[in-house]
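A.B. asks: Return a 3D structure for these sequence lines:
(chains A, B, C and D)
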Number of protein chains: 2
Amino acid sequence: MAKESSIQREHVTMRDVARAANVSQSTVSRVLSPAPSKVPISEETREKILAVVKELGYHPNQYARSLRGKKTHMIGIMIADIANPFYHPMVRAVQDVAFQHRYDVMIANSDHMREKELLFCESITRRPVDGIIIIPYHLNDDDLDNLIVNTGVAIGAVGNHIQHPNIDVAYANDTRASYEAVSWLIQQRGHQRIAMITADRKFPVIIRRSGAYRQAMEDAGLSVPAEYVIEGDWSVDSGKRAIRSLLALPEPPTAVFAANDTIAIGAIAAAQEMGCRVPEDIAVIGFDDIPDAQWVRPKLTTIAQYPAEMGQKLAQALFERIDAGDDAPRQVFEVPCRFIERESA
Amino acid sequence: MAKESSIQREHVTMRDVARAANVSQSTVSRVLSPAPSKVPISEETREKILAVVKELGYHPNQYARSLRGKKTHMIGIMIADIANPFYHPMVRAVQDVAFQHRYDVMIANSDHMREKELLFCESITRRPVDGIIIIPYHLNDDDLDNLIVNTGVAIGAVGNHIQHPNIDVAYANDTRASYEAVSWLIQQRGHQRIAMITADRKFPVIIRRSGAYRQAMEDAGLSVPAEYVIEGDWSVDSGKRAIRSLLALPEPPTAVFAANDTIAIGAIAAAQEMGCRVPEDIAVIGFDDIPDAQWVRPKLTTIAQYPAEMGQKLAQALFERIDAGDDAPRQVFEVPCRFIERESA
DNA sequence: AGTATTACCGCATACGATTGCGCGCAATCG
DNA sequence: CGATTGCGCGCAATCGTATGCGGTAATACT
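C.D. replies: Numbers count the residues shown, from 1 in each chain, chains lettered A, B, ... in the order given. Have a look, this model is predicted:
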């Protein structure tokens, strides 16, 4: 057990199997290939070969397969941040669907940075996969088109700013949900001074959510001072920083709409540290309904998205596209959001 | 922009570049290969080739490279559960180190299931990488030895139950930390009836932690009734279930030591739902110090591990091993734990 | 008996890149 | 001025697998 084993790694190839079974390498390939071979193979040789395969401990080399054939039996998924719970159900759903198709999944994260998103594309063109699912923050239709041209890969994306005819998309109607949440703060809770903590203003998702926020304010005849919109970076810490500067204002807001739950959680924590009561002194609404939203105190009022559903739909569409080739019709999934009233607002 | 582009994907190969640059394909390879070529190339041709590469939009095919050469420029990491925050800093650290070495990282998760751990091994032998980092729950030295024999891959593992001479390991001294935490409950807080919520008893990590728990109890002259040790599965829900059955006991415990923070968080939530005050009625201690530990109320008393440090050390060792070949000396990193007193106990 | 069919299988090449070897040519040396 | 050196590059084999095509033996058919 575990002696000098690693020194002598001999790579067993098809040729070795063929030799040991007294057949040609092609025959071994035909027996082992999942694709139904055009050439019939006798049951006898098939069993013989399978026996030898087991005896020699042969494992097919996927790189050679990918090189010769055109299938990799692998899909990739690019998320922004592995540490953000929002993505977990999505990744999980994709993995589950892939597992059913006996596909491997490779995960990458972009940290919301364009540079890393492009790096992922580069990486994927050098090491092509059969399909990818992507949550792009910076990548646009042209970037993705490039990817398709370079690799011929099937793509599914999250976010309704992707319009490419060959890319399936799933997205939540966050514009409407954001509008309703802010309106709820105004009408049901009587808030007048409502701030928002965003992320990079250039993200389409931020454009949508902050646009809805402004619209709701405007429709209620409320003004939003420039210093009421603070740019964070999705993180807990950025939520903390933002709420501190907000509460330090001469006329601080009485409610805050955060672009996601982690920001909201940071905001609550920092507000409490400053002696503020939530929601009495400052109300907080998040976005996503990550599991933590139920554990923080007060429990977070937020807008639920259904990432598992998006992931599943997208993955299924992806495999349809992989099977069907380029001529698959574009599929679009709009999955609803749901406002969840808890304790923080 | 994004027209019929995907129909005509032409794969640009080295031969195409060679033709366009009026050189042989070998020369193109020598210019593009990161390995210093034995054969000198004039600055003129080098620039010519690089220009053509850019013009044609050529991207090297990593599969062909991996097939011919023996490097994949990719490492794999297998964790148990992408949704468990404990692993995030570790993954992140590994990715960072890999990034410095211009390596790609592929992530897989096992869900704590032996079946999926083996599936990962299978997958990795079909699609070998240059190195892998693994957090094995079921895999033993023999399984890993097999992996080494089949792939020749460099391995780093988390958990001090791995003793293989060719595998670097990192681990926290959780035995000692567990003992001290339980002792603290007894001596500093005066608890007598202390329960434990574990995960699968066969996991080495559970054997260590529950062993330490029993030892601390025994050393204090305290008994642990059979019904005081409940088996969960690391999840929040299992923590909820466990605390409910614990509190339903005729003589319920006054304190609980949870095998990890997510269990502890579930336990706190369910206890509170049952009208129990934490820590007054039931004290809870967790393990890991995940970020959520600071957000739940009461804040979680727990034992911090330093997964980022483990990941970083392990990844660095991995690359040393990749560079050095099989003759790298085994490295062992014991990183300390730290007891963190907050509010839940 | 001779031909057509069928069932099985091997030969050879291609996939895209790396690399040992050798060749031509200019510069240098004896 | 012929021989040697070394620079710059091409030729061709190779990695492990998939597959079109052609070949052989056995069986069926007329």
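A.B. asks: which residues sit against stretch A:270-278?
C.D. replies: Residues outside stretch A:270-278 that contact it (C-beta atoms under 8 Å, 6 or more residues apart in numbering or on different chains): A:239-241, A:243-244, A:247, A:268, A:281-282, A:284, A:298, A:344. To be clear about C-beta, it is placed using only N, CA and C from the backbone, and glycine gets the same treatment.
A.B. asks: Tell me which two in these are the farthest apart.
C.D. replies: A:241 and A:298 (21.0 Å; C-beta to C-beta).
A.B. asks: for DNA strand D, what are the nearby residues on chain A?
C.D. replies: A:11, A:13-15, A:25-26, A:29-30, A:32-33, A:35, A:38-39, A:58, A:60-61, A:64-65, A:67-69 (C-beta under 7 Å from any atom of the strand).
A.B. asks: so which residue of chain A comes closest to chain B?
C.D. replies: For chain A, the residue closest to chain B is residue A:297, as judged by C-beta to the nearest C-beta, at 3.6 Å.
A.B. asks: check the residues of chain A next to DNA strand D against DNA strand C, which are close?
C.D. replies: The subset of the residues of chain A next to DNA strand D within reach of DNA strand C, by C-beta under 7 Å from any atom of the strand, is A:25-26, A:39, A:64, A:67-68.
A.B. asks: so which of the residues you listed comes closest to residue B:313?
C.D. replies: Nearest to residue B:313, judged by C-beta to C-beta, of those is residue A:64 at 34.5 Å.
A.B. asks: secondary structure element for the closest one?
C.D. replies: helix A:62-68 (DSSP states H and E).
A.B. asks: Pull the contacting residues for the residue of chain A closest to chain B.
C.D. replies: A:343, B:296-297.
A.B. asks: again, but for residue A:265
C.D. replies: Contacts of residue A:265 (C-beta under 8 Å, 6+ apart): A:236, A:239, A:286, A:292-293, A:296, A:300, B:295.
A.B. asks: Just the CA atoms of stretch A:153-170, as PDB, please.
C.D. replies: Output of stretch A:153-170 as PDB, limited to C-alpha atoms (Å, rounded to 0.1, in the frame of the first residue of the first chain):
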ATOM      1  CA  VAL A 153     -19.500  26.400 -28.300                       C
ATOM      2  CA  ALA A 154     -23.100  26.500 -27.100                       C
ATOM      3  CA  ILE A 155     -23.800  29.300 -24.700                       C
ATOM      4  CA  GLY A 156     -26.400  30.100 -22.100                       C
ATOM      5  CA  ALA A 157     -26.300  33.300 -20.200                       C
ATOM      6  CA  VAL A 158     -28.000  35.000 -17.200                       C
ATOM      7  CA  GLY A 159     -29.100  38.500 -17.600                       C
ATOM      8  CA  ASN A 160     -31.600  40.100 -20.000                       C
ATOM      9  CA  HIS A 161     -29.000  42.400 -21.600                       C
ATOM     10  CA  ILE A 162     -27.800  39.500 -23.700                       C
ATOM     11  CA  GLN A 163     -29.600  39.500 -27.000                       C
ATOM     12  CA  HIS A 164     -27.500  37.300 -29.200                       C
ATOM     13  CA  PRO A 165     -29.600  35.100 -31.400                       C
ATOM     14  CA  ASN A 166     -27.600  32.000 -30.600                       C
ATOM     15  CA  ILE A 167     -27.500  32.400 -26.900                       C
ATOM     16  CA  ASP A 168     -30.200  31.200 -24.500                       C
ATOM     17  CA  VAL A 169     -30.900  33.500 -21.600                       C
ATOM     18  CA  ALA A 170     -32.500  33.400 -18.200                       C
END
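A.B. asks: Is there proximity between it and DNA strand C?
C.D. replies: No. Stretch A:153-170 stays clear of DNA strand C (C-beta under 7 Å from any atom of the strand), getting no nearer than 14.6 Å.
A.B. asks: What parts of the stretch 201-345 of chain A come near chain B?
C.D. replies: Taking C-beta under 8 Å from any C-beta of the partner chain as the contact definition, the stretch 201-345 of chain A meets chain B at A:236, A:265, A:269, A:291-292, A:294-297, A:326.
A.B. asks: From those residues, list just the buried residues.
C.D. replies: Among those, those classed as buried by neighbour count (16 or more other C-beta atoms under 10 Å in any protein chain shown) are A:236, A:265, A:269, A:291-292, A:295-297.
A.B. asks: For the stretch 1-150 of chain A, which segments count as helices?
C.D. replies: Here the stretch 1-150 of chain A has its helices, by DSSP state H, counting those that start in this stretch, at A:14-21, A:25-32, A:43-56, A:62-68, A:88-100, A:114-126, A:141-151.
A.B. asks: And for residue A:222, nearest residue in space, chain neighbours not counted?
C.D. replies: Spatial nearest neighbour of residue A:222, excluding adjacent residues (C-beta to C-beta, 6 or more residues apart in numbering or on different chains): residue A:192 at 6.0 Å.
A.B. asks: What is the three-state secondary structure of that neighbour?
C.D. replies: Following DSSP: H, G, I helix; E, B strand; the rest coil, residue A:192 is assigned to coil.
A.B. asks: hang on, isn't it packed against residue A:224?
C.D. replies: No. If you go by C-beta atoms under 8 Å, residue A:192 and residue A:224 don't touch, sitting 10.8 Å apart.
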